[in-house]
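> Structure of the sequence below:
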Amino acid sequence: MSRSQWRGSRRPRAKQARGASRVGERFEAVVGPVAHGGHCVVRLDPPEARVVFVRHAIPGERVVLEITEGTDGDRFWRGDAVEVLEPSADRITPPCPYAGPGLCGGCDFQHVALPAQRGLKTAVVREQLSRLAGITWDGEVEAVPGDVDGLHWRSRQRYARLPDGGRAMRKHRSHDLIPVETCLLEGPSSDHTALGRSFEVADEGFWQVHPGAPDVLVTTVLEMLAPQPGERCLDLYAGVGLFSRFLLDAVGESGRVVAIEGDRTASALSARNCPGLVVSAGSVDQVLTTSYDEPFDLVVLDPPREGARRAVVEQVVDRAPRAVAYVACDPAALARDLAIFAELGYRLRELRGFDLFPMTHHIECVALLEPSGVTDRRSR
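Predicted coordinates for the structure are as follows:
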């Protein structure tokens, strides 16, 4: 679980221009559906006939958009809604003065009412599952206790620094700095607890930044897996042992929990946080290739943003678990891995989405997979 979580906006890779720049040009258009990544799709009318991924817009609005990235030869452009001609009923004034076109790139949806933000995220999860895995999901992205109207939830916040030492945030996909006094997402420091249990975490180590995240994720994983005394569990990308500790409690002394984590510091801390845990430090795919080649009843997967990928999924299926809980911070990566699981005989039984990153496009999902031939436990 020592993955790189959201730390603001992503920065673009340098690329060679494919014709004349269109940056700064403006077009009037109706906004299409939300897309994964914090923007909406706009299809410009001919003669442009180009797809533009537009930030600071809401589906159905009529806006004036300004191109922020794009040349004549690009398949798509990027833009900002700089003027709203026909606003959505879900549009609000951003609570932060640094949120908006040309300003801080950290938040994607401050211009959207909080319930509607979760609706947009729900649409993204549904679209990614449908398009990449052929799965229909009728769930909703759920609110999680621990923030204040979507603000003050980041228990660890980093600022860029100006030459005079002042605080700054970066523009979207840019190194340019925006001076700020404070970020409204910043909240109290985390106490590194889950369900009343304390965990030791390195100074720069990973821990969920939303204060409600550890409790809701552990509770959901345990409810989905229903671990029993004596069962054998694999905790992959285990971090400092968040899930392992509670799996150990559930399977008891007659059971076994093996935790694999690539970050050696986090792996060492998991052994201290979870007495009785079998710990292995190393790349998950490599460790599984050479070790623990026996059946396991349960598997927890909590991979980095790019997902587990085929090599790990194949190794998980090879252990023939009765159930897999997959904790995902990227719905596209989750969908791609679910498609691999389905190909190998495991299907999605349940999925829940959580709004652990309000005001941004990020979403956390927990999925339950079981062998395709197993009767749904909820119908027993």
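> Return the set of buried residues in the helix or strand containing A268.
Assignment of secondary structure by DSSP states H and E places A268 within helix 264-273. Neighbour counts over helix 264-273 (16 or more other Cβ atoms under 10 Å) mark T265, A266, S267, A268, L269, S270, A271, N273 as buried. All C-beta atoms are positioned from the backbone trio N, CA, C, and that covers glycine.
> May I have the strands that pair with the next helix or strand along the chain from it, each with its orientation?
Proceeding N to C from helix 264-273, the next assigned helix or strand is strand 278-281, under DSSP H and E. On the basis of DSSP bridges, the sheet neighbours of strand 278-281 come out as strand 256-261 (parallel).
> contact partners of the partner strand?
For strand 256-261, the external contacting residues (Cβ atoms under 8 Å, 6 or more residues apart in numbering) are 1-2, 232-239, 241, 244, 247-248, 251, 267, 270, 274, 276-282, 284, 287-288, 292, 296.
> When you filter the residues you listed down to buried only, what's left?
1-2, 232-239, 241, 244, 247-248, 251, 267, 270, 274, 277-281, 284, 287-288, 292, 296.
> Looking at the residues you listed, which are in strands?
The strands, defined by DSSP state E, take in R232, C233, L234, D235, L236, V278, V279, S280, A281 from those.
> any idea which of the residues you listed is closest to G307?
In terms of Cβ to Cβ, no member of those lies closer to G307 than L236, at 11.9 Å.
> now the helix holding A268: how far from the chain's centre is it?
23 Å (Cα atoms, centre = their mean, to the nearest Å).
> Let me know the angle separating that helix from strand 256-261.
Here helix 264-273 runs at 160 degrees with respect to strand 256-261, directions being taken by axes from the mean of the first three to the mean of the last three Cα atoms, to 10 degrees.
> what helices or strands is helix 264-273 leaning on?
helix 242-251, strand 256-261, strand 278-281 (3 or more Cβ pairs under 8 Å, 6 or more residues apart in numbering; DSSP states H and E).
> swap the cut-off to 6 Å and go again
For helix 264-273, the helices and strands in contact under the criterion 3 or more Cβ pairs under 6 Å, 6 or more residues apart in numbering; DSSP states H and E are strand 278-281.
> Check what contacts the strand it packs on and list those residues.
Applying Cβ atoms under 6 Å, 6 or more residues apart in numbering, the contact partners of strand 278-281 are V258, A259, I260, R264, S267, S270, A271, V287.
> would you turn these into a markdown table with pLDDT and distance to T182?
Below are these laid out as a markdown table (pLDDT from 0 to 100; distance: Cβ to Cβ, whole Å):
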| residue | pLDDT | distance to T182 |
| --- | --- | --- |
| V258 | 98 | 43 |
| A259 | 98 | 37 |
| I260 | 98 | 39 |
| R264 | 97 | 35 |
| S267 | 98 | 35 |
| S270 | 98 | 34 |
| A271 | 98 | 38 |
| V287 | 98 | 42 |
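> Just flag the most distant two among those residues.
V258 and R264 (16.3 Å).
> any idea where the helices of the stretch 1-150 of the chain begin and end?
Under the criterion DSSP state H, counting those that start in this stretch, helices of the stretch 1-150 of the chain are mapped to 114-133.
> if I read this right, L236 contacts L301, doesn't it?
Yes. Using Cβ atoms under 6 Å, L236 is in contact with L301, at 5.2 Å.
> what's the burial count for P87?
The number of residues packed near P87 is 14, by other Cβ atoms under 10 Å.
> so who does it touch?
E61.
> What does the pLDDT read for it?
pLDDT for P87: 98.
> State the distance from it to P59.
As judged by Cβ to Cβ, to the nearest Å, P87 and P59 stand 12 Å apart.
> Same question for Y159.
32 Å.
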